[in-house]
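Trainee: coords please:
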Amino acid sequence: MPKAKDSAATDSNGGHSALVDEIAAAIRKRIMSGQIPIGAQMRQAELAAELGVSRTPVREALRQLHTSGLIEVVPNRGAVVRVPSPWEVRDAYEVRAELEGLACERAVSRINDAELDELRAANQSMRDEVAKAKTRGPVDAEPPTVEFNDAFHTLIHRVADNEWLTREINEINHAFPRNVSWLVLTGNKRQREENVAEHDRIVDALAAGDAETARTEMQAHVKNAGEQLARWYEDRSATVFVG
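Mentor: Numbers count the residues shown, from 1 in each chain. Prediction:
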């Protein structure tokens, strides 16, 4: 991230400047990838040194992230990466399931053979990474499975061809750190394999031109992912701030 003058921290109208937005985006990326884990303290001096700016725009960026709900202020700890509540995750994924199901239904009449092959390739790459999980460290900063999973879902969103739909799905996806999806699957071989199998069933329905099945398979897939994520947060919420 390039250095910039702190005098640009606010614009003439007192709003967020491009610098503050850039810093907020950089911090958000670190949170979403897991580089800054949930429950971690957000130390302004360290962030400022890392990003090559003073603490003033960092402080404004943290306020921006606090407003968006990604961080919170905890007594005796200050600003920390917020741990979502399990009910919040379940509610969000209930909505996401409906949106992703609609995207899948719309994709049935629009997808072509080349795009079906792309979906199969992304899922095969994910299957290969799942098979290697036991021989690798437990978590990468940005696990390959997240990349392939995103490629799978993003392709369906693109084929569905509805910008509003894609925007709403992305807003939900960006509400929770992306690396946690891999943490949920770590150590759960059956769940890793089922996740890939669910993708297979979605592709089969798309290839068969079966809009109803494509929609219900995607809904079930997203709801299952949401339940697994909610349970993961349930297990962590009581201990993440201990010590």
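
Trainee: from here on, just use CA atoms for contacts and neighbour counts.
Mentor: Noted.

Trainee: in contact with Arg82, which residues?
Mentor: With contact set as CA atoms under 8 Å, 6 or more residues apart in numbering, Arg82 has these partners: 38-39, 69-72.

Trainee: 10 Å instead?
Mentor: For Arg82, the contacting residues are 31, 37-41, 66, 69-74, 176-177, by CA atoms under 10 Å, 6 or more residues apart in numbering.

Trainee: contact partners for the nearest residue to it once chain neighbours are set aside?
Mentor: Setting aside the residues directly before and after it, Arg82 is nearest to Ile71 in space (CA to CA, 6 or more residues apart in numbering), at 4.6 Å. By CA under 10 Å, 6+ apart, the contact set of Ile71 is 28, 31, 38-42, 62-65, 79-84.

Trainee: narrow those to those in strands?
Mentor: Judged by DSSP state E, the contacts of Ile71 include 79-81 as members of strands.

Trainee: Serialize the residues you listed to JSON lines and add fields for distance to Arg190 and neighbour count.
Mentor: Formatted as JSON lines, these follow (distance: CA to CA, whole Å; neighbours: other CA atoms under 10 Å):
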{"residue": "Ala79", "distance to Arg190": "37", "neighbour count": "20"}
{"residue": "Val80", "distance to Arg190": "33", "neighbour count": "22"}
{"residue": "Val81", "distance to Arg190": "30", "neighbour count": "23"}
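
Trainee: make a markdown table out of the residues you listed and add distance to Asn188 and pLDDT.
Mentor: Listed next are the ones in strands among the contacts of Ile71 as a markdown table, based on distance: CA to CA, whole Å; pLDDT from 0 to 100:
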| residue | distance to Asn188 | pLDDT |
| --- | --- | --- |
| Ala79 | 32 | 87 |
| Val80 | 28 | 90 |
| Val81 | 25 | 88 |
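
Trainee: how far away is Arg28 from Lys189?
Mentor: Relative to Lys189, Arg28 is positioned 30 Å away (CA to CA, to the nearest Å).

Trainee: and these two? which has more neighbours close in?
Mentor: Arg28 (22 against 14; other CA atoms under 10 Å).

Trainee: pLDDT wise, what is the more buried one at?
Mentor: You'll see Arg28 listed with a pLDDT of 88.

Trainee: hmm, it is touching Pro177, no?
Mentor: Yes - contact criterion CA atoms under 10 Å: Arg28 and Pro177 qualify, at 9.0 Å.

Trainee: what residues are shared contacts of these two?
Mentor: Residues touching both Arg28 and Pro177 (CA under 10 Å, 6+ apart) are 34-36, 70, 81.

Trainee: can you put those in CSV and add distance to Thr154 and secondary structure?
Mentor: Formatted as CSV, the shared contacts of Arg28 and Pro177 follow (distance: CA to CA, whole Å; DSSP: H, G, I helix; E, B strand; the rest coil):
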residue, distance to Thr154, secondary structure
Gly34, 21, coil
Gln35, 23, coil
Ile36, 25, coil
Leu70, 23, coil
Val81, 26, strand
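
Trainee: state the distance from the closest residue in space to Leu62 that isn't next to it in sequence to Lys132.
Mentor: Spatial nearest neighbour of Leu62, excluding adjacent residues (CA to CA, 6+ apart): Ala24 at 6.8 Å. Separation of Ala24 from Lys132 (CA to CA): 34 Å.

Trainee: then Val83?
Mentor: Val83 is 29 Å from Lys132, by CA to CA.

Trainee: pLDDT averaged over stretch 179-196 - what is it?
Mentor: Averaging pLDDT along stretch 179-196 yields 77.

Trainee: ignore the last one, stretch 235-243
Mentor: 56.
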